[in-house]
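[1] Predicted model, plus sequence, below.
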Amino acid sequence: MTIPYLALPLSLALLAGCAQQSRQPVELDAESECPQRLSTGQTLTLTLASNPTTGYRWLVRDPAAHVLRSLGPEIYNSPEDNGLVGSSGTSTWRYQASTPGEGHLVLVYQQPWAQEVQPVQTFECAIKVR
């Protein structure tokens, strides 16, 4: 094969490699680095420490709905199964990158009935979907 005939298959292989964007699930927590770059269709799991027995809950203030699609409600896991009643657990949300663009995923940790009081904690992450 001559060089011009090799160039076409190599070029197609490179283009195919570029088209294969990462589809690995992304895990986020309070220490995660943001912004997060996601590919359309990629899943994002956010897990934050939570203790609803104190009256505080994570509230989704901005779900970045124009770039992320929620895959269900918050799931709370607690260590109560281990006999540690009142201990903190984790709250988890799952999303899928749905549309190319940019958004901010913002959650606040506060008492739901005291919306006028500043949250004790805020989680904010810029999301870029390609």
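    Arrived safely, thanks for sending. Keep in mind that what you see is a predicted model, and the values were worked out from it rather than measured.

[2] now the strands for this structure?
    26-28, 36-38, 43-50, 57-63, 68-70, 75-77, 89-97, 101-110, 121-129 (DSSP state E).

[3] Tabulate those strands (JSON lines), appending mean neighbour count and mean pLDDT.
    Bear in mind the C-beta positions are built from the backbone N, C-alpha and C, glycine included. JSON lines is the format used below for the strands of the chain (neighbours: other C-beta atoms under 10 Å; pLDDT from 0 to 100):
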{"stretch": "strand 26-28", "mean neighbour count": "17", "mean pLDDT": "92"}
{"stretch": "strand 36-38", "mean neighbour count": "19", "mean pLDDT": "96"}
{"stretch": "strand 43-50", "mean neighbour count": "18", "mean pLDDT": "96"}
{"stretch": "strand 57-63", "mean neighbour count": "17", "mean pLDDT": "96"}
{"stretch": "strand 68-70", "mean neighbour count": "18", "mean pLDDT": "98"}
{"stretch": "strand 75-77", "mean neighbour count": "13", "mean pLDDT": "92"}
{"stretch": "strand 89-97", "mean neighbour count": "20", "mean pLDDT": "96"}
{"stretch": "strand 101-110", "mean neighbour count": "18", "mean pLDDT": "97"}
{"stretch": "strand 121-129", "mean neighbour count": "17", "mean pLDDT": "97"}
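
[4] Now do the contacts for the closest residue to residue 30 other than its chain neighbours.
    Counting by C-beta to C-beta, 6 or more residues apart in numbering, residue 30 lies nearest to residue 48, which is 5.8 Å off, once chain neighbours are set aside. With contact taken as C-beta atoms under 8 Å, 6 or more residues apart in numbering, residue 48 is in contact with 29, 30, 58, 90, 91, 92, 107, 109, 123.
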